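Trainee: need the 3D shape of this:
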Amino acid sequence: MKDPRGRFEGIRVVGDVHGDAEAFHMAVDGATAERLFVIQLGDLTDGGSDAPGVLRRAFAMRAEGRGLFMLGNHDHKLRRALEGAPLRIEPSGLGRTLEQIEAARDAEALRRRAVEEIGRAPAWLRIDQRLFVHGGFHPRMLHAAPPPDAGARKPEGLVPRALFGQVTSRMRDDGFPERLHDWVDRIPQGFTIYCGHEVRSGNGRPFMQVGAGGGAAVFMDTGAGKGGHLSWVDLPW
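Mentor: From the prediction side, this is the model:
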């Protein structure tokens, strides 16, 4: 990625979109008007009514150099589905996304573009004292670059932490993996991690947690496409 600091006044960090195209358009249009570079934290699809609209806007934003999207677990799974991998498909999530893509006027081109763009989406990104990632942090991310093709292959190394956060081997009653947040305590003082992946807010706003090491995590998912809304925060360089 070319350093965008010469063209933009700051950064707009956008949480999980999950198919809410209307809100995503508002976030990107507003960033354009204010000369902000967009970093979207992954999970573009699954849940809302217009996954194709979200994908088109995300791909155009990247092509124009106005922003990028991080690799989320839903994005990674969508790419695998588009390539024909045998998967468990939730009807209200990935199943709905695949139906929307199939019904799109540009379905074939959109499928090809999604496979390409998701395949090269960054699993994490560090800019100075901030790190952007979808699921969860590991201290080695501060010094190691993500694999350039993390979205195109089986998650290995630090990529599972980036996509899925920190999980145990147990499942919750709702069928999702039990998640831990011990990684927040390993964020060094002076660093802030911006992530999505799960709704942790109790008031509809991004949720900040300060860890034992003095660093902070900001959880940006506030339920867009899942009965909540899309959130974003604007940061100076």
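Trainee: output the below-cut-off pLDDT ranges for the chain.
Mentor: Where the chain drops to pLDDT under 70, the residues are 169, 174-175.
Trainee: check which helix or strand the most centrally placed residue in the chain maps to.
Mentor: Nearest to the mean C-alpha position of the chain, by CA atoms, centre = their mean, lies Gly42 at 1.4 Å. Secondary structure assignment for Gly42, by DSSP states H and E: no helix or strand.
Trainee: contact partners for it?
Mentor: 16, 69-75, 121, 134-135, 196-197 (CB atoms under 8 Å, 6 or more residues apart in numbering). To be clear about C-beta, it is placed using only N, CA and C from the backbone, and glycine gets the same treatment.
Trainee: just the residues you listed: which are in strands?
Mentor: Of those, the ones assigned to strands by DSSP state E are Phe69.
Trainee: so which of the contacts of Gly42 are in helices?
Mentor: Using DSSP state H, the members of those that fall in helices are 73-75.
Trainee: where do the helices of this structure begin and end?
Mentor: Using DSSP H, helices in the chain cover 21-33, 51-63, 73-82, 94-103, 107-119, 159-164.
Trainee: now do the fourth one: which elements does it pack against?
Mentor: Here helix 94-103 touches helix 51-63, helix 73-82, helix 107-119, going by 3 or more CB pairs under 8 Å, 6 or more residues apart in numbering; DSSP states H and E.
Trainee: and what of the fifth one?
Mentor: Counting contacts by 3+ CB pairs under 8 Å, 6+ apart, helix 107-119 packs against helix 51-63, helix 73-82, helix 94-103.
Trainee: send me that helix as CSV with only the CA atoms.
Mentor: Taking Å, rounded to 0.1, in the frame of the first residue of the first chain, the C-alpha atoms of helix 107-119 are listed here in CSV:
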residue,chain,number,x,y,z
ALA,A,107,-22.9,-11.7,-11.1
GLU,A,108,-20.1,-13.4,-13.0
ALA,A,109,-17.8,-10.4,-12.9
LEU,A,110,-18.6,-9.8,-9.2
ARG,A,111,-17.7,-13.4,-8.4
ARG,A,112,-14.4,-13.1,-10.2
ARG,A,113,-13.6,-9.8,-8.6
ALA,A,114,-14.4,-11.0,-5.1
VAL,A,115,-12.1,-14.0,-5.4
GLU,A,116,-9.3,-11.6,-6.6
GLU,A,117,-9.8,-8.8,-4.1
ILE,A,118,-10.4,-11.0,-1.0
GLY,A,119,-7.4,-13.0,-1.9
